[in-house]
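> With the sequence up front, the predicted model follows.
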Amino acid sequence: MKITANLAQIHNEISVAEKQFQRDEGSVCLLAVSKTRTTDEIITAINANQRHFGENYCQEAIEKIEAINRSDIIWHFIGPIQSNKTKQIASHFDWAHTVERIKIARRLDEMRPENSPLLNICVQINISGEESKSGIPIDDAADFINELDQFKRLKVRGLMSLPAPTSDFTEQRHAFSQLKKKLHDLNQHRLNQNRPELDTLSIGTTQDMQAAIAEGATIVRIGTAIFGPRHT
């Protein structure tokens, strides 16, 4: 299957980049972006030992989560979070990467089932200042995360961002380096406050994965390079 071969190729590219940029082996998690993909395609990836999947559309995702029904699969919500979807996201997903409003965080916290593990969340940063993009300004991250620490059913893991697209490797690295520095600064502050370390940078896609790994990505979000051109 093409999906199986593509996954092997991407894992190899990640491994090479980890070595090239002095990252620990296995420190970068491959998140397969499976929005618009069929259950059969996802199962093919699962059979090739892929375990992390990212979805953008709540109802479509839940149908797939329930159809696949495997406790060893880790589901990440990576789309915009609407207030009326917070209960479904809090009930079905292990991660939410796109938290940018305290109101949404509060609803996720309230809706997270008591018997479920804490919901892992990332704060979405609009690193390039694009009006069309979601996310908070990077300078607001510290205050925002301070507010998030009040929620008992959420576990703040780190930062997520989708910089403005560019094919220039140096420019790609520049945007990601700002996020890496911010994560470091946040952790210095948290260490002084005796709060848990943030361990996640959800950055990098098919187009800029190498630059993201060079600048500390712990999760790269790859769709097209695994599954081929997106279904419409």
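Nice, I can see it. Residues are numbered from 1 along each chain as shown.

> Which residue, other than its chain neighbours, is closest to Glu197?
Asn187 (5.4 Å; C-beta to C-beta, 6 or more residues apart in numbering). Just so you know, the C-beta spots here come from the backbone N, C-alpha and C atoms, and that holds for glycine as well.

> The one you found contacts Leu198, doesn't it?
Yes - using C-beta atoms under 8 Å, Asn187 makes contact with Leu198 at a distance of 5.7 Å.

> Who are the contact partners of Ile138?
125-127, 178-179, 182 (C-beta atoms under 8 Å, 6 or more residues apart in numbering).

> Just among those, which is most surrounded?
Ile125 (28 neighbours; other C-beta atoms under 10 Å).

> For the longest helix along the chain, buried residues please.
The longest helix of the chain (DSSP state H) is helix 169-192. Neighbour-count burial for helix 169-192, with 16 or more other C-beta atoms under 10 Å as criterion, is recorded at 172-173, 175-176, 178-180, 182-183, 186-187, 190.

> do stretch 115-123 as well
So stretch 115-123, judged by 16+ other C-beta under 10 Å, has buried residues 119-123.

> before we move on, back to that, so of the contacts of Ile138, which two are at opposite extremes in space?
Asn126 and Lys182 (12.5 Å; C-beta to C-beta).

> about what we covered before: just the buried residues of stretch 115-123 now: which is nearest Val156?
Ile121 (5.9 Å).

> Report all helices and strands that the longest helix of the chain contacts.
Packing partners of helix 169-192 (3 or more C-beta pairs under 8 Å, 6 or more residues apart in numbering; DSSP states H and E): helix 141-148, strand 154-161, strand 200-202, helix 209-214.

> Give me the angle between it and strand 154-161.
Going by axes from the mean of the first three to the mean of the last three C-alpha atoms, to 10 degrees, helix 169-192 is angled at 160 degrees with respect to strand 154-161.

> how about helix 169-192 as PDB, C-alpha atoms only?
What follows is helix 169-192, C-alpha atoms only, in PDB (Å, rounded to 0.1, in the frame of the first residue of the first chain):
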ATOM      1  CA  PHE A 169      14.500  27.300   4.800                       C
ATOM      2  CA  THR A 170      16.100  30.100   6.700                       C
ATOM      3  CA  GLU A 171      12.700  32.000   7.000                       C
ATOM      4  CA  GLN A 172      11.000  28.800   8.000                       C
ATOM      5  CA  ARG A 173      13.500  28.300  10.800                       C
ATOM      6  CA  HIS A 174      13.200  32.000  11.900                       C
ATOM      7  CA  ALA A 175       9.500  31.600  12.700                       C
ATOM      8  CA  PHE A 176      10.000  28.300  14.500                       C
ATOM      9  CA  SER A 177      13.000  29.600  16.500                       C
ATOM     10  CA  GLN A 178      10.700  32.300  18.000                       C
ATOM     11  CA  LEU A 179       8.400  29.600  19.300                       C
ATOM     12  CA  LYS A 180      11.300  27.500  20.600                       C
ATOM     13  CA  LYS A 181      12.700  30.500  22.500                       C
ATOM     14  CA  LYS A 182       9.200  31.300  23.900                       C
ATOM     15  CA  LEU A 183       8.800  27.800  25.200                       C
ATOM     16  CA  HIS A 184      12.200  28.000  26.900                       C
ATOM     17  CA  ASP A 185      11.300  31.300  28.500                       C
ATOM     18  CA  LEU A 186       7.900  30.000  29.700                       C
ATOM     19  CA  ASN A 187       9.600  27.000  31.200                       C
ATOM     20  CA  GLN A 188      12.200  29.100  33.000                       C
ATOM     21  CA  HIS A 189       9.300  31.000  34.600                       C
ATOM     22  CA  ARG A 190       7.400  27.800  35.400                       C
ATOM     23  CA  LEU A 191      10.400  26.300  37.000                       C
ATOM     24  CA  ASN A 192      10.600  29.300  39.300                       C
END
